[in-house]
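In: coords please:
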Amino acid sequence: ASFGALNKTEKGLPMRSLKISEVMWNHIEPIRCGTPLTKVVKALLDNHVTGLPVVDEKRQVLGFVSEQDCIHSLLVSNYHSEGEPIVDDVMFHKPLTVSPEMSVIDLAQNLGAGKPKVYPVVDHGKLVGIVTRTAILSQLAKSGNTIEK
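Out: Next up, the predicted model:
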């Protein structure tokens, strides 16, 4: 595959101009701080995502909670028979966020081992959606299929 595949979309437009806002999901409700972990797990499973942003009442991102955070916390709380944990106890407090104006290619080039699989998309300090590695992969696959071999 040539690197030229990264620069075209299915419409023949330069992929570099494709923005995160065009591939992000905005239909999934974020997790509110104070939410019990059992409800967080249900939201992750129902929405088929590996993690979700945690927000306050103004949709400002306070953190991020992943499946792995939930697994570890539920194992510990079940083993020790402690009370039900809340998302604030397990979330990552300084998540990486992206702008809706960021180029899909720029984000794709920064993905790698140890990087998040889901990014909160923030505009003017407020959560407007999430973008997943799956969405990025899907877009790259679409753009690559239009290049003549």
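In: middle-most residue in this protein, spatially?
Out: residue 118 (2.1 Å; Cα atoms, centre = their mean).
In: and the next element down the chain from the host helix or strand of residue 89?
Out: Assigned by DSSP states H and E, residue 89 belongs to helix 87-90. Counting by DSSP H and E, the next helix or strand C-terminal to helix 87-90 is helix 104-110.
In: Just the buried positions in that following helix, please.
Out: Within helix 104-110, the residues scored as buried using 16 or more other Cβ atoms under 10 Å are 104, 105, 107. Every C-beta, even on glycine, is put in place using the N, C-alpha and C of the backbone.
In: now those in TSV, with pLDDT?
Out: As requested, the buried residues of helix 104-110 are arranged in TSV below (pLDDT from 0 to 100):
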residue	pLDDT
104	92
105	89
107	92
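In: can you pull the pLDDT of residue 8?
Out: At residue 8, the predicted lDDT confidence score is 43.
In: ok, so what distance separates residue 23 from residue 131?
Out: Distance of residue 23 to residue 131, computed by Cβ to Cβ, to the nearest Å: 6 Å.
In: How far off centre is the longest helix anywhere in the chain?
Out: For the chain, the helix with the greatest residue count under DSSP state H is helix 67-80. Between the centre of helix 67-80 and the centre of its chain there are 21 Å (Cα atoms, centre = their mean, to the nearest Å).
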